[in-house]
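Participant: Sequence and predicted model, in that order:
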Amino acid sequence: MMKTFKIWTYKEGDIPLVHNGPMRYVYSVEGDFIEEMERTGNPMAANHPDEAHAFFIPISITNIVYYLYSPTEAHNFNKRMQAIFKDYIAIIAKKYPYWNRSNGADHFYVSCHDWGPHVSKGNHKVFSNLIRVLCNANQSEGFVPRRDVSMSEINGPSNNIPNVIKGESPYNRSILAFFAGKVRGAIRVKLFKHWGNDEDDDIQVHNHLPKGQNYTEFLSRSKYCICPSGFEVASSRLTDAIYTGCVPVIIKDHYVLPYGDVLDWSRFSVQVPVNKIQDLKKILQEIPFSRYLEMQKRILEVQHHFKLNFPAKRFDVFHMILHSVWLRRLDVRLTE
């Protein structure tokens, strides 16, 4: 793929809504991807659109929300956001032949914002073929795995490059399972109902960590890290766990796991149905230690696939995203 796949990034549009995006916090992968695609020297960037196999639409949904959202116009914001996106498509479709020859099937955009899926819902006929690369990969809200790409959410720190560590040895991890976060959404309500107390040292579920306690240290000392949905299915806790060598316990409905075309999540994570949350401790304790060791070893082996680098390095998260786009692009037949 890296030797042959070429992507053209459209030049139209102005900062900050286009060619720019968040570089920190939970939406950082959106801005980092735009930055990498437009970086001078990116080997996968096409020199001319005629050479391209796929076309990147460098709109930042997060920046549209940040700069244009107003609580007084909240009821109408979805339509406004969709109109901005549709206008951009109209410009490139009029100026170039590429959108029309495939009806957008070799075009893609990248968004980690919760509202990322909504921009393409304004006109189903126009956007039915467009590849959407989303953190919020929820099949119940219209995510289509054969067309769309599930992307990992990454909580980027102020220096923009999250640290990836091994954490404690699997033999020294004293906490069976850990979660810390706000009570957002029905799944977390259920999680806190059953496990949100200080009575069980094995399953530690915190709304707020005790003063002076370090989140990363808790992850590093835990065998399993609980990754429930919040208001939406996407969460950076999945990558938080992987970055610290902690086996993710995924508790989500209708979620399409990132890069599932090539990664077998069953080999390095545990999926617990929402209706089994009350049995969480029993489920984890019944996993043989030898099985846990295998999963933890594989977590360390797949870490580099979720790592953010700038510039990008082979097999990192940037290339995992593009590989997923490439697989979907292979099914597209162009009409000249």
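Facilitator: Sure, I can see it.

Participant: Check what pLDDT residue 223 gets.
Facilitator: With respect to pLDDT, residue 223 scores 98.

Participant: which non-adjacent residue is nearest it?
Facilitator: residue 173 (4.7 Å; CB to CB, 6 or more residues apart in numbering). Placement of C-beta: from N, CA and C, glycine included.

Participant: roughly how far apart are that neighbour and residue 249?
Facilitator: Residue 173 sits 14 Å away from residue 249 when distances are taken as CB to CB, to the nearest Å.

Participant: who has more neighbours, the two?
Facilitator: Using other CB atoms under 10 Å as the criterion, residue 173 and residue 249 rank with residue 249 on top: 24 against 21.

Participant: Let me know the helix or strand that the residue positioned nearest the centre of the chain is in.
Facilitator: The chain has residue 152 as the residue nearest its centroid, 2.6 Å off, counting by CA atoms, centre = their mean. When elements are assigned from DSSP states H and E, residue 152 belongs to no helix and no strand.

Participant: How about it: what's its closest non-neighbour residue?
Facilitator: residue 258 (4.4 Å).

Participant: And residue 201, by the same measure?
Facilitator: For residue 201, the spatially nearest residue (CB to CB, 6+ apart) is residue 175, at 7.6 Å.

Participant: Let me see the contact set for the residue nearest to residue 223.
Facilitator: Taking CB atoms under 8 Å, 6 or more residues apart in numbering, we find residue 173 in contact with 167, 220-223, 246.

Participant: how far away is it from residue 295?
Facilitator: Applying CB to CB, the value for residue 173 to residue 295 is 12 Å.

Participant: Next: residue 289.
Facilitator: 11 Å.

Participant: Of those two, which one has the most company?
Facilitator: residue 295 (19 against 10).

Participant: Got the phi and psi for that one?
Facilitator: The phi/psi pair for residue 295 (degrees, to the nearest 10) reads phi -70, psi -40.

Participant: can you offset everything so residue one is 453?
Facilitator: Shifting the count to begin at 453 puts that one at residue 747.

Participant: Not counting residues beside it along the chain, what's closest to residue 703?
Facilitator: The shortest distance from residue 703 to any residue other than its chain neighbours is 4.3 Å, reached at residue 680 (CB to CB, 6+ apart).

Participant: tell me how far the lowest-mean-pLDDT helix or strand in the chain is from the chain's mean position?
Facilitator: Least confident helix or strand of the chain, by mean pLDDT, DSSP states H and E, is helix 576-579 with a mean of 78. Helix 576-579 sits 24 Å away from the centroid of its parent chain (CA atoms, centre = their mean, to the nearest Å).

Participant: Give me the residues contacting that helix.
Facilitator: 538, 541, 556, 572-573.

Participant: cutoff 6 Å now
Facilitator: Residues outside helix 576-579 that contact it (CB atoms under 6 Å, 6 or more residues apart in numbering): residue 572.

Participant: go on, stretch 638-650?
Facilitator: Stretch 638-650 is contacted by residues 635, 655, 657, 680-681, 703, 726, 729-730 when judged by CB under 6 Å, 6+ apart.
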